[in-house]
Every structure is written in structure tokens, then in C-alpha cells.
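Asker: got a structure for you, letters missing:
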């Protein structure tokens, strides 16, 4: 190759890249090596949960995830390897390889193993005795390269919880499985349970096959409870995972289950004062990170962890009929079914909103209904008052008619009485003659009484009184009230009533007022009409659902300036009118559910038509049409 500036640059660049790669490789951090010694194999719920949580917490706290090597060093069944064999296996794993940066033990048996063999394995490697009950540590102090995250498992407190929740308990059956670990815990717990021997009998299920343990738990005597410590292996040396043991034990046991570790909550135990496995894992991960970062084990002294807040499974409380009032103060209840609010909060809020809106609408409608009824009541009261005033005005205008109507029967009565006296004085009175005179006097008296009653009824104030009436009778009564005035004004009336029954539901007095008012208005409208043309026609037409009454006059007709305001209060065409007659007429007809209208006739004059709903109920007619004389 030829030398020169253009040829030397690639060689320099390549060399620079190689140097950068080498520097980057040297700067790359080596993952810390952690030897994790476990007391039991997989299947033990407390150890499995602790190990899983510990590794997750450790990786989250380290910049580079640790390389963890797990080895089971505790006894496993009847044919498990001996401790020397396990020791040889661990030592062989690190032949020709870097020693671990940290040793972590999980559980008591692993802690005992590490303290026995650490000096022969890795004397300079810091050791963390994690999740170990203080009973396994005994009185031996921690070494220079040792620290511990210990737990104080107060299993006697579990028995206290049993007695508080189930005061009638007399026997506690302790499930420990078999083997060295079971023997250790049986010795420890027998000492702890000494204070209960005057109240409880403890039965240890430590020398039975698994199926026999299940059979006995299915037929326990009354007032019994089961305390589950662990299982692991049965008397035959067969190993069982906690999941299977708990599932079958929970399904077949006839007494409630209790335990001292949080990992069993939700798997079938009632609950109580539990040791938190999650908290142990977090605390152990914190200590492990400090050790990996170079802290001296003697500088890390973690206080032993105590049992936490009492926690209970709502499902088991319900299953065994344990009231929540027996729980220790401050207890937490889990697995309670979510309430309707929690499950369907949006739906509940929507439903509540809809119900609230509907309630407001209902309240508003009820208020409006009450206000409407009150207004209707006031309207009827005002209608009665206004109608009463209008009737009095009308009757005042008919004063001469009333006097004339009463004058005729009274004069006849006086004449008959005088004639009778003269006949008696002249001795010409016979029984037949006297009876005839008295009969005439009685007839005239009845007529006078009818006249007085008719006018008194019109003058008497009363509320709206709806009854079934014959409209034809009402028309005749109305014409009788104005008969004298019609004769005085030289008005000829023609009455054309339908042959069909004209039965309606209404107030007879108020309807009489309507027709009297319409007839009086018709006569007023014909005041300037020549007497020969003063004709009025009252007609009725009965249809399927309604009845129509029309009053037709031959007057001057309705003026154009009051078109559309004819029935408005205080609108009148009379010089001395108040303008309330037709307004009262319309109000009365409206109260009866009817209509009233008016129009001019092509040949002159006007016609007022009242339309009212018919009634299907029959009416008994008490009297025929009265005389207009």
C-alpha cells in the first residue's frame, strides 16, 4: 500500500474504534454474584413467596441485575442428600470461578447450614441470614461477616386469636408434617403453648400419612380448630406442595384453619396476627443491596420483625359463623365482596341521578297539580262570586218582571177571596162554590210560590254544583224568568227544541244564568228594531257527543271593533253595560267543559251558540216546562 495522507486516515480510525470498544468493555459493570441457600425445595408457600419477592426487590434496587444461584440445603424427605454432600456440591460449583459476592440464606435450616460451613466455603464473603426465626439463631452471636433479618413468629398469639374468635374451642390440632423441621417446631411450640394447657388440648399431626391427616381433619370433634404450621413431607417421606395440602385440607376439614404467616391468608385460613412475608422480603433486599455496595455486615443490624396488624378473611368468617364483633380492635377484613356502590359506581350514580331528576319532576308535577287544583278551586270560588254578582244585576233589571209575575196570582187570590166573602154574606155560598173558590186560591198560591222560588234560587249564591240535568228544562226555566220582560219589550220568542233527550252534567242555576244573560242581550240588541221584527229564536240540536243551544236575534248585530274581544271582561256595546255578562257566560261554559261563540247573521242580527258535552246517565225530570204567562 502506498503511504500518504489519504491512505493513513482509515488505519487511524479503525485503531480508534478498537480502543473505544475495549474501553467500553472494561467499563461495563459485572453483575454481582449471589449464592441463595434455601431451607426447602419449591412448593413451600412462605419460602417461594419470599424468594420471588426478594429477587424482584433486589433487581429493582441494583443498577445491574444480580446473578443468583439457588441451592436447597435443608433436609428433603427420607432420602435427601447429607449436609457434607451438599457442601461438596456447592464448593464444586465455584471451582475455577469467582467466589460469590454475597451469601443469602432463606429460613432457619439454611441459616444453620451457612453458619456451620461458611468458614470452609467462603470465609470472606458477607452472609445475610434472611427470613429466619430467632429460635434458629439461638444464643450464638452473629459473626464479623454475618448479619440477619430475623422474625419473631409469635405462634402463641395465634392461639390467643383462636380463643378470642372461638371462645368455646377445646382442642387444637397442629399440622406440622414430619421430619427434622417438624421435630424442631414441635419442641419449640410445646414450650410456648404451656400456658394454654388448662383450657386447650393440643393434638400433633406429625406422624401420619397425608391422606390419614385429611381423614382425621374431616371428622374432628366439636369445638375444635386446626393450626397449620407447615407440612413439607408426611410420615412416609413423600413431599407435598402447600397449594395441594391447603386445597384438600380446606375442602375436607370440619373445623376452621389458622396459621401464623401472611402467605396463607386467602388460601383457606381464618386469619389473625400474621407475619408479613412481603415485608421480610423488602427488608432483606435492602440489607442485601447495602452489603453488595460494600457496607460491613456489622454495620447492618436490623431489628427482628414482629407480627403485623390482625388480618382476616371475610369468606372464612362467614363460613364458620364468626361475627366481626369478636375481631381484635383495628383488625382488617379482606376478600369482602364489593358492595353495589363499589361494583357499579357509575351505574348507581346514573340511577341516583335519574331517580333524583324523576323525583324533582314528580315533586314539580305534584306542586303544579296542587297549584292547578288550588287555582281551579279559587277559579270556581271567583266564578261563583262573579256569577252571583252578575245574577243579582240581572235580577235587579228584572224587578218589574218579578212584580208583574207575582201581581197576577196575588190579585187573583184577592179577587177570589172577596168573591167568596160576598157569597157567604149574601147566603148564596154553596159547598161546591166555596170549594171552587178555595181551589183557585190554592192554585194561584202555588204559582206565586214557584215564582218566588225561581227568583230566590237565582239570587242565592252557591258554589259550582255539577249534577245530571235536562238542558231543555233549564231553557224553559230561563225563559220563564224573562217572560214578562219579553212581553213588555214586545219580543216574540220561538222555541225549537230537539226531540232527542238533551241530558248533560252541569250546574242548573249557573246554566240558567247563561241563557238568561244571552236572552237579555238579545232583547237589548233589538231595542231599536221595529216591534214587528223583534223576533228571537231559541233552538237546540242534539248530536252524538254534544248538545248545542243557539239564541238568534234580529238586532243590529255585533260591531266589527269588538271582533275577537267579545267575551273579554269590561268589553261592551251597551251604553250602561259593565262588560262582565258575556265574560261570566264564557267562564261558566268553560267550567262545564263547553264552548260559546257568536257570529253575525247574513240577514241581520247575531247568533250565540253554546256547545256542551252530553251525558249518558239518565235524569229524572221533576217538572215540565213552566208557564211563561
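Answerer: Perfect, thanks for sending it. Note that the structure is a prediction, hence the values are computed from the model and not measured.

Asker: going forward, measure contacts and count neighbours with C-alpha atoms only.
Answerer: OK.

Asker: Can you tell me the SS state at residue 333?
Answerer: strand (DSSP: H, G, I helix; E, B strand; the rest coil).

Asker: With the one 3 residues further on instead?
Answerer: Taking three-state DSSP as the rule, one finds residue 336 in the coil state.

Asker: Can you report how many residues lie near the closest residue to it other than its chain neighbours?
Answerer: Among residues not flanking residue 336 along the chain, residue 314 sits closest, at 5.3 Å (C-alpha to C-alpha, 6 or more residues apart in numbering). Residues within reach of residue 314, counting by other C-alpha atoms under 10 Å, total 20.

Asker: what separates the closest residue to residue 445 other than its chain neighbours from residue 345, distance-wise?
Answerer: Excluding the flanking residues, the one nearest residue 445 by C-alpha to C-alpha, 6+ apart is residue 409, at 6.7 Å. Counting by C-alpha to C-alpha, to the nearest Å, the separation of residue 409 from residue 345 is 87 Å.

Asker: Could you do residue 140 as well?
Answerer: With C-alpha to C-alpha as the criterion, residue 140 and residue 345 are 58 Å apart.

Asker: now do residue 141
Answerer: 57 Å.

Asker: These two - which one has more neighbours?
Answerer: The neighbour comparison of residue 141 against residue 345 (other C-alpha under 10 Å) goes to residue 345, with 12 against 9.

Asker: so what's the backbone phi/psi at the more buried one?
Answerer: phi -60, psi -50 (degrees, to the nearest 10).

Asker: How about residue 194?
Answerer: Taking degrees, to the nearest 10 as the convention, residue 194 sits at phi -60, psi -40.

Asker: Just give the number of residues close to it.
Answerer: 11.

Asker: just residue 299 next, same as before
Answerer: Neighbours around residue 299, by other C-alpha under 10 Å: 11.

Asker: Okay, it and residue 109: tell me how far apart.
Answerer: Counting by C-alpha to C-alpha - residue 299 and residue 109 are separated by 25 Å.

Asker: So residue 108 sits against residue 148, correct?
Answerer: No: with contacts counted by C-alpha atoms under 8 Å, residue 108 stays clear of residue 148, the gap being 11.2 Å.

Asker: joint contacts of those two?
Answerer: Common contacts of residue 108 and residue 148 (C-alpha atoms under 8 Å, 6 or more residues apart in numbering): residue 132.

Asker: Tell me where the model's unsure across the stretch 51-200 of the chain.
Answerer: Low-confidence segments of the stretch 51-200 of the chain (pLDDT under 70): 76-80.

Asker: so where do the strands sit in it?
Answerer: Ranges of strands in the stretch 51-200 of the chain, per DSSP state E, counting those that start in this stretch, are 67-72, 102-106, 127-133, 146-151, 171-175.

Asker: Could you look over these and pick the most buried one?
Answerer: Highest mean neighbour count of the strands of the stretch 51-200 of the chain: strand 127-133, a mean of 26 (counted as mean count of other C-alpha atoms under 10 Å).

Asker: and the angle for it with strand 146-151?
Answerer: 20 degrees (axes from the mean of the first three to the mean of the last three C-alpha atoms, to 10 degrees).

Asker: tell me the contacts of residue 611?
Answerer: Counted by C-alpha under 8 Å, 6+ apart, residue 611 has contacts 546-549, 594-596.

Asker: Residue 512: which element?
Answerer: Following DSSP states H and E, one finds residue 512 within helix 508-525.

Asker: meant to ask about residue 424, not that
Answerer: helix 399-425.

Asker: for that helix, what is the average pLDDT?
Answerer: Helix 399-425 shows a mean pLDDT of 70.

Asker: Now the helix or strand following the helix holding residue 512: average pLDDT?
Answerer: Counting by DSSP H and E, the next helix or strand C-terminal to helix 508-525 is strand 535-542. The average pLDDT for strand 535-542 rounds to 93.

Asker: Give me the sheet partners of strand 535-542 and which way each runs.
Answerer: Strand pairing for strand 535-542, determined by DSSP bridges: strand 492-496 (parallel), strand 546-552 (antiparallel).

Asker: Summarise which helices and strands the following helix or strand past the longest one is packed against.
Answerer: Along the chain past strand 546-552, the next helix or strand (assigned with DSSP H and E) turns out to be helix 581-591. Identification of packing neighbours for helix 581-591 by 3 or more C-alpha pairs under 8 Å, 6 or more residues apart in numbering; DSSP states H and E yields helix 345-397, helix 508-525, strand 595-600.

Asker: Okay, buried residues for helix 581-591 please.
Answerer: Within helix 581-591, the residues scored as buried using 16 or more other C-alpha atoms under 10 Å are 581-589, 591.

Asker: Would you format the residues you listed as JSON lines with pLDDT included?
Answerer: Below are these laid out as JSON lines (pLDDT from 0 to 100):
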{"residue": "581", "pLDDT": "75"}
{"residue": "582", "pLDDT": "81"}
{"residue": "583", "pLDDT": "81"}
{"residue": "584", "pLDDT": "81"}
{"residue": "585", "pLDDT": "84"}
{"residue": "586", "pLDDT": "87"}
{"residue": "587", "pLDDT": "84"}
{"residue": "588", "pLDDT": "85"}
{"residue": "589", "pLDDT": "89"}
{"residue": "591", "pLDDT": "85"}
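
Asker: just those residues now: which is nearest residue 373?
Answerer: residue 591 (13.2 Å; C-alpha to C-alpha).

Asker: Any figure for the gap between the closest one and residue 511?
Answerer: Going from residue 591 to residue 511 by C-alpha to C-alpha gives 11 Å.

Asker: re the thing from before, run through the neighbouring helices and strands of the helix holding residue 512.
Answerer: Applying 3+ C-alpha pairs under 8 Å, 6+ apart, one finds that helix 508-525 contacts helix 345-397, helix 431-459, helix 471-481, strand 546-552, helix 581-591.

Asker: looking at those, which one has the lowest mean pLDDT?
Answerer: Least confident of the helices and strands packed on helix 508-525, judged by mean pLDDT, is helix 431-459 with a mean of 70.

Asker: what residue lies at the spatial centre of this structure?
Answerer: residue 352 (4.6 Å; C-alpha atoms, centre = their mean).

Asker: who are the neighbours in contact with it?
Answerer: Counted by C-alpha under 8 Å, 6+ apart, residue 352 has zero contacts.

Asker: And residue 97, how far from residue 120?
Answerer: Relative to residue 120, and taking C-alpha to C-alpha, residue 97 is found at 16 Å.

Asker: Then residue 435?
Answerer: 157 Å.

Asker: neighbour-wise, which of the two wins?
Answerer: More crowded of residue 435 and residue 120, by other C-alpha under 10 Å: residue 435, with 13 against 10.

Asker: The more buried one and residue 417: what is the separation?
Answerer: Going from residue 435 to residue 417 by C-alpha to C-alpha gives 12 Å.
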